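Novice: quick one: sequence and predicted model below, then my questions.
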Amino acid sequence: MKKKNKKVSVVVINYNGEDLLKKFFPSVNNYTNKDISDIYVIDNYSSDKSLEFLNNKYPGVNLIKNKKNYGYAGGYNRGLKNIKSEYVVLLNNDVEVTRNWLDIMIEKMEENNSIGSCQPKILSYTNKKKFEYAGACGGYLDLLGYPYCRGRIFDFTEEDKGQYDDDKEIFWSSGACIMLRNELFQKIGGFDESFFAHMEEIDLCWRLKAEGYTNYCFPESKVYHLGGGTLNYDNSKKTFLNFRNNLFMLAKNENRLSLILKIPLRLVFDLAAAMRFLIYEKSLKNFISILKAYLYLIIRLPSLIISKRKSINKYSKESNRIIPIDFFLKRKKRFTDL
C-alpha cells in the first residue's frame, strides 16, 4: 500500500554532522507533531557515522542520500524532489526546537495563502536569552543589499525581552529554519545552486516577493540555533561566500539602473570591511576573501546578466537605510534604534 503524504515534512540537511545530530535531533523527533508531519534527513554524502547513528537510533526517520556534497542549496533541491507534502520546513542540523514550534507556523500559513515562507523566533543555543545571528526575529535588506534582522545588526545580537514578539512581515526568512509551500518552492525553481551555501534563502525570498508572496516571522514559535555548525563565523571561506553571494544576489535581482548606482557604493563599504579585517583583526585571509568576491563578480557578471536575470523590477527593497552608516557611524546597534 502506498504511503500517504502528510501535510508537512520537516527536512534536516546534514553533512558529516554526527555529533550535531546526537545533540539536536532528539528535540526534532520529540517535538514534531507526527500526526501531520514526516521527518526527513537529506544527507550530502557524509563520510562520518551520521547515517549509522540515524539508522540505529531513529529507524523511523526517512533518509535521502545524495551522491555527493551538493551544499545547502543543491542538497535541498535534489532531496525535496522526493518529498510531496504540502509544506516543507527546512531545518539546519544544529537547531533545537521547542514544544509546538511547528503547529504554530502551520496554523499561520493555513490562515493566509499569500505567505510564501515563514520562520520562527531564532535564539542562540549558547546564550538562550539572546537572538541568534542567522535570522533572529526576521530578516531585511538595506538600500545596498546588506542583510540585517530584528534583533541582529552585523555581529551585534540583542537580548530577547519580548520586544519583537509580534507577527511581522519581513523581507527574508532564515535558512536555519524556514517553512515553505512545497509546490511554490518547486514552481520558482528552488534554491539557486550557484550560491552553494549562505544567502540562498534571501535570494529565494526575494523571488517569492517578485511573484507576489510575502515572508513572515511568527515569534510565538521558537527555536535555538547553535550557528557556525558547518563553517565557523570567522572562517575565511564563510566570509568569501557571504560577500560573493550577496553581490551575486544583487546582480541577479536588482534592476539594472539601481545596480549601476549601488555597486560603487558597495565597493567603498566592502573595502572598508576588508581593511577592518586586515588592520584590526589581523586577518589576511578574510581580507583576500572580500577581494576574491569582487573578482568573482567581475568575471561572472556578463554570463549572470544573460542567464540569471529573468524577472527583475517586480519588487523593490522597502528599506532606504544604509546599515553600515547607521551601525558604525551613528552607533545604532538595535533594530528599534533604526
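Specialist: Alright, I've got the coordinates.

Novice: going forward, measure contacts between C-alpha atoms and count neighbours the same way
Specialist: Fine.

Novice: check which residues of the helix or strand of the chain with the lowest mean pLDDT are buried.
Specialist: Every helix and strand of the chain was ranked by mean pLDDT, DSSP states H and E. The lowest is helix 284-307, at a mean of 85. Using 16 or more other C-alpha atoms under 10 Å as the test for burial, helix 284-307 gives 285-294, 296-297, 301.

Novice: CSV for those, including distance to Y164?
Specialist: Below are those laid out as CSV (distance: C-alpha to C-alpha, whole Å):
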residue, distance to Y164
K285, 36
N286, 33
F287, 35
I288, 37
S289, 34
I290, 33
L291, 36
K292, 37
A293, 34
Y294, 35
Y296, 37
L297, 36
L301, 38
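
Novice: tell me where the chain has strands.
Specialist: 8-14, 37-43, 62-65, 87-92, 95-97, 115-124, 139-141, 147-149, 152-153, 156-157, 168-170, 177-181, 214-225 (DSSP state E).

Novice: of those, flag the one that's most buried.
Specialist: strand 115-124 (a mean of 28; mean count of other C-alpha atoms under 10 Å).

Novice: distance from the chain centre to it, please.
Specialist: The chain centroid and the centroid of strand 115-124 are separated by 10 Å under C-alpha atoms, centre = their mean, to the nearest Å.

Novice: re earlier: what packs against the least confident helix or strand of the chain?
Specialist: Packing partners of helix 284-307 (3 or more C-alpha pairs under 8 Å, 6 or more residues apart in numbering; DSSP states H and E): helix 236-253, helix 256-279.

Novice: residues in contact with it?
Specialist: 235-237, 239-241, 243-244, 247-248, 251-252, 270-271, 274-275, 277-278 (C-alpha atoms under 8 Å, 6 or more residues apart in numbering).

Novice: before we move on, back to that, most tightly surrounded among the helices and strands packed on helix 284-307?
Specialist: Scoring the helices and strands packed on helix 284-307 by mean count of other C-alpha under 10 Å, the most buried comes out as helix 236-253, with a mean of 21.

Novice: would you put the C-alpha positions of that one in CSV?
Specialist: Only the C-alpha atoms of helix 236-253 are listed here, as CSV (Å, rounded to 0.1, in the frame of the first residue of the first chain):
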residue,chain,number,x,y,z
SER,A,236,37.5,32.9,5.6
LYS,A,237,35.5,30.6,3.3
LYS,A,238,32.4,31.8,5.0
THR,A,239,33.5,35.4,4.5
PHE,A,240,34.0,34.8,0.8
LEU,A,241,30.6,33.1,0.4
ASN,A,242,28.8,35.8,2.3
PHE,A,243,30.3,38.6,0.3
ARG,A,244,30.3,36.8,-3.0
ASN,A,245,26.7,35.5,-2.6
ASN,A,246,25.4,38.9,-1.5
LEU,A,247,26.9,40.6,-4.6
PHE,A,248,25.7,37.8,-6.8
MET,A,249,22.2,38.2,-5.4
LEU,A,250,22.2,41.9,-6.0
ALA,A,251,23.5,41.5,-9.6
LYS,A,252,20.8,38.8,-10.2
ASN,A,253,17.8,40.5,-8.7
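
Novice: for it, name the packing helices and strands.
Specialist: Against helix 236-253 (3+ C-alpha pairs under 8 Å, 6+ apart) you get helix 200-210, helix 284-307.

Novice: hmm, back to that, export the helices and strands packed on helix 284-307 as a markdown table, with columns for distance to V8 and mean pLDDT.
Specialist: What follows is the helices and strands packed on helix 284-307, written out as a markdown table (distance: least, C-alpha to C-alpha, whole Å; pLDDT from 0 to 100):
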| stretch | distance to V8 | mean pLDDT |
| --- | --- | --- |
| helix 236-253 | 29 | 91 |
| helix 256-279 | 38 | 93 |
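
Novice: how about those helices, which one is nearest K65?
Specialist: helix 236-253 (24.9 Å; C-alpha to C-alpha).

Novice: what angle sits between that closest one and helix 284-307?
Specialist: 20 degrees (axes from the mean of the first three to the mean of the last three C-alpha atoms, to 10 degrees).

Novice: just how off-centre is helix 236-253 within its chain?
Specialist: 13 Å.

Novice: now distance to K333 too, for the strands of the chain, in a markdown table please.
Specialist: Below are the strands of the chain laid out as a markdown table (distance: least, C-alpha to C-alpha, whole Å):
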| stretch | distance to K333 |
| --- | --- |
| strand 8-14 | 32 |
| strand 37-43 | 37 |
| strand 62-65 | 42 |
| strand 87-92 | 27 |
| strand 95-97 | 26 |
| strand 115-124 | 17 |
| strand 139-141 | 15 |
| strand 147-149 | 11 |
| strand 152-153 | 6 |
| strand 156-157 | 7 |
| strand 168-170 | 19 |
| strand 177-181 | 24 |
| strand 214-225 | 21 |
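
Novice: turn those into a markdown table, including distance to G75 and mean pLDDT.
Specialist: Output for the strands of the chain, formatted as a markdown table (distance: least, C-alpha to C-alpha, whole Å; pLDDT from 0 to 100):
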| stretch | distance to G75 | mean pLDDT |
| --- | --- | --- |
| strand 8-14 | 7 | 98 |
| strand 37-43 | 7 | 98 |
| strand 62-65 | 9 | 98 |
| strand 87-92 | 11 | 98 |
| strand 95-97 | 18 | 98 |
| strand 115-124 | 19 | 98 |
| strand 139-141 | 23 | 97 |
| strand 147-149 | 24 | 97 |
| strand 152-153 | 28 | 98 |
| strand 156-157 | 29 | 97 |
| strand 168-170 | 26 | 98 |
| strand 177-181 | 15 | 98 |
| strand 214-225 | 20 | 98 |
